[in-house]
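J.: how would this look folded up:
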Amino acid sequence: MGVETKKMANSIASAGENFGDRLKSWPERVKTFYNDVRTETRKVTAPSRKEVQATTAVVVITVFIFGVYFFIIDNVIQKGVSFVYSYFGK
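T.: Coordinates of the predicted model:
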């Protein structure tokens, strides 16, 4: 028996139901799942225009700050490596 088959057999045995009962209850479980999804979807709200503008501004500013930071770090590392090559290359 494969590992997955053993896990499935153990989960069925621990549930106290046989496979036939689980198979019969499948349509009801699917219906319950979709009803739960529909209920949760109704709770979802779209952000307002003001919230979208605020979070977009934060993202643009953060990207700019990180861009400047990485530009500076890249130049420092480039100068350091160039110095090491020129020092040991002589």
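
J.: quick one: low-confidence parts of this protein?
T.: Residue ranges of the chain with pLDDT under 70: 1-17, 90.

J.: where exactly do the helices run in it?
T.: Secondary structure of the chain by DSSP state H: the helices cover 3-15, 19-43, 49-88.

J.: any chance of the ones you listed in TSV, plus mean neighbour count?
T.: Glycine gets a C-beta too; all of them are placed from N, C-alpha and C. Shown next, in TSV, are the helices of the chain (neighbours: other C-beta atoms under 10 Å):
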stretch	mean neighbour count
helix 3-15	10
helix 19-43	10
helix 49-88	10
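
J.: can you list the domains in the protein?
T.: Under the assignment automatic domain parsing, the domains of the chain span 1-44, 48-90.

J.: how far does the shortest one sit from the chain's center?
T.: What that stands for is domain 48-90. Distance, stretch centre to chain centre, for domain 48-90: 25 Å (C-alpha atoms, centre = their mean, to the nearest Å).

J.: Same question for stretch 33-46.
T.: That offset, for stretch 33-46, works out to 20 Å (C-alpha atoms, centre = their mean).
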